[in-house]
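**Q** model this:
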Amino acid sequence: MKLIKTSIIPSQPTFAKVEAKSELDFEAICIFVAIGFFLDTDTYWKNKKVLSPASHNKIDSQGNLVNSQPWFDWYSSPRDISFEQALDEFTLLFETIVTEQSKGKKVILPLSGGLDSRTQATALNYIGADVLSYSYEFENGYSETKIAKKIAQICNFEFKPYTIKNGYLWHAIDDLAQLNGCYSDFTSPRQMAIKDEFSKMGDVFSLGHWGDVLFDSMNLEQLTTEEEVTVILKKIVKKGGLQLATDLWETWNLNGDFETYLKNRIALLLEKIHIEDTNANIRAFKSKYWAPRWTSVNLSVFESSRAIQLPYYDDRMCEFICTIPEAYLADRKLQIAYIKHRNPELAKVTWQAQRPFNLYNYETNKLPYNIPYKLINKFKRTLDNVLGKSYIQRNWELQFIGDQNKKQLVDNLFKNQIEGWIPKTLLNFYINQFYKGNYTQNAHPLNMLLVLSKFNQILSDAKTD
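**A** Below is the predicted model of the structure:
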């Protein structure tokens, strides 16, 4: 008998067999295409599940799940402490975790224009870690590497900039399908574009995933459970995802209707979290069901080259969050105060989400103070359009748009005999809708159909072998 203890937020899935028919779980697949990740312990198969987060599990010699019991439940018990005390506690905990994870190693730090990696940079710089940093930006996109480079310079980190190129996906898609097991779309993990560089960089990745969820609040008023379900659905259902899921639900002649099924699943999962405060409740839901099944999936790209460490995933950090007043978590207050305290120069660098403002003046990112930037930015966009340059904001724009990308996409969709379970008429409908110019509504459906196509290819190859 094997005993497996999973983390509060697992960085990789652990699969086990359960007593059920060895057949595709079409209901679970419909949810997958609607939201971009499998929900709870679902997989492609009815007899295969993922072990729950924060659980003790018994697995027999045949790989069957015998028993599973939780060892931690998300809660909200905010202590009566001052903001300064919360900041001191966060500083000590975060720097302790980062020190433990980086000691004696050359750290690889992906830098962005946001706060999570900047908070890591602050800690790594303060403890004197050996760091190689890098950043990437989209070809014809926002110059995110400029912000990252400034951060690296202030911290005296070695720095490498990269550009995500048009059409890189088609050279990497087979490797990516193997790495993430077709449990995520293929255009979200843009790190795949520079994967070959990772082995030259250092010993261990320090990754900033999930800091933006733990150290923020949705600033919602107290809601009923039904209202919380509505909020969650708005957050997780992708544009075009509900339509594709409904189309597949009807194609596969499943009972009832998809939207009702999805709402009921979300409501049942939400009921398992016993937190009164709406904001803390939704944070817990996302951390329990979204982080392990969405955010963690493509960590495998990093881990295939070097070991990974995730300070925000640390069990101690999750438990710390449960005891902090919601007001201190809202609006990134703790991270901002930490950066200002430890490294004021880093706080002066532009915050990408509030550009062109920084951590000292971002609250003035409103009318009339931001009018000059908005006008200049609009002029640049207009000029780019006149010059025939498309401003790129999302990876799928670089991988799907254009004649060569269209050819690759169509070839990959149809060469894997996916028509056996997804009708050709449905595939053609979404292809045609996308290339008619309805990009944002149909990009996600195409992404998910591509994933299902590669999954089908892996199944076909396995049967051949």
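**Q** now the residue nearest in space to the middle of the chain, nearest residue through space, not along the chain?
**A** Central residue of the chain (C-alpha atoms, centre = their mean): Thr295, 3.4 Å from the mean position. In space, and not counting its chain neighbours, Thr295 is closest to His209: 5.2 Å by C-beta to C-beta, 6 or more residues apart in numbering. C-beta here means a position set from N, CA and C on the backbone, and glycine is covered the same way.
**Q** I'd like the distance between that neighbour and Ala148.
**A** According to C-beta to C-beta, to the nearest Å, His209 stands 17 Å off from Ala148.
**Q** of the two, who's got more company?
**A** Between His209 and Ala148, counting by other C-beta atoms under 10 Å, Ala148 is the more crowded of the two (30 against 22).
**Q** thinking that one is in contact with Tyr142, fair?
**A** No. Counting by C-beta atoms under 8 Å, Ala148 does not reach Tyr142; the two are 11.6 Å apart.
**Q** Give me the common contacts of the two.
**A** Taking C-beta atoms under 8 Å, 6 or more residues apart in numbering as the contact rule, Ala148 and Tyr142 both touch Gly113.
**Q** In contact with Asp203, which residues?
**A** Residues in contact with Asp203, defined by C-beta under 8 Å, 6+ apart, are Lys105, Lys106, Val107, Ile108, Arg306, Ala307.
**Q** shaky segments in the stretch 251-400 of the chain?
**A** Residue ranges of the stretch 251-400 of the chain with pLDDT under 70: 376, 378-389.
**Q** Break down it into its helices, ranges please.
**A** Ranges of helices within the stretch 251-400 of the chain are 258-271, 278-285, 299-303, 315-321, 326-329, 333-342, 344-347, 371-386, 395-400, based on DSSP state H, counting those that start in this stretch.
**Q** Can I get these in CSV including mean neighbour count and distance to Ser199?
**A** Formatted as CSV, the helices of the stretch 251-400 of the chain follow (neighbours: other C-beta atoms under 10 Å; distance: least, C-beta to C-beta, whole Å):
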stretch, mean neighbour count, distance to Ser199
helix 258-271, 16, 39
helix 278-285, 22, 35
helix 299-303, 21, 11
helix 315-321, 17, 28
helix 326-329, 18, 37
helix 333-342, 20, 31
helix 344-347, 16, 29
helix 371-386, 11, 36
helix 395-400, 24, 22
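**Q** do you know which of those lies nearest Asn456?
**A** With C-beta to C-beta as the criterion, Asn456 lies closest to helix 395-400 of the helices of the stretch 251-400 of the chain, at 19.5 Å.
**Q** Tell me which helix or strand comes right after the closest one.
**A** The helix or strand immediately downstream of helix 395-400 is helix 403-414, counting by DSSP states H and E.
**Q** For that next one, buried residues please.
**A** Asn405, Gln408, Leu409, Asn412, Leu413 (16 or more other C-beta atoms under 10 Å).
**Q** now do stretch 78-91
**A** So, applying 16+ other C-beta under 10 Å, buried residues of stretch 78-91: Pro78, Ala86, Leu87, Glu89, Phe90, Thr91.
**Q** which of these lies closest to Glu227?
**A** Closest approach to Glu227 among the buried residues of stretch 78-91 (C-beta to C-beta): Pro78, at 21.9 Å.
**Q** I'd like the buried residues of stretch 78-91 as TSV, with distance to Lys58 appended.
**A** Listed next are the buried residues of stretch 78-91 as TSV, based on distance: C-beta to C-beta, whole Å:
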residue	distance to Lys58
Pro78	35
Ala86	38
Leu87	41
Glu89	36
Phe90	36
Thr91	39
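**Q** Among these, which ones are in helices?
**A** Ala86, Leu87, Glu89, Phe90, Thr91 (DSSP state H).
**Q** Surely the first one and Thr323 touch.
**A** It refers to Ala86. No. The pair Ala86 and Thr323 fails to qualify as a contact (C-beta under 8 Å) at a distance of 9.1 Å.
**Q** on that earlier part again, hmm, the residue nearest to the centre of the chain is touching Trp210, no?
**A** Yes. The pair Thr295 and Trp210 passes the contact test of C-beta under 8 Å, sitting 6.0 Å apart.
**Q** Straight-line length of stretch 319-328, end to end?
**A** With C-alpha to C-alpha, to the nearest Å as the measure, the first residue of stretch 319-328 is 15 Å from its last.
**Q** And for stretch 198-216?
**A** For stretch 198-216, the end-to-end distance is 30 Å (C-alpha to C-alpha).
**Q** Check stretch 318-332 too.
**A** 16 Å.
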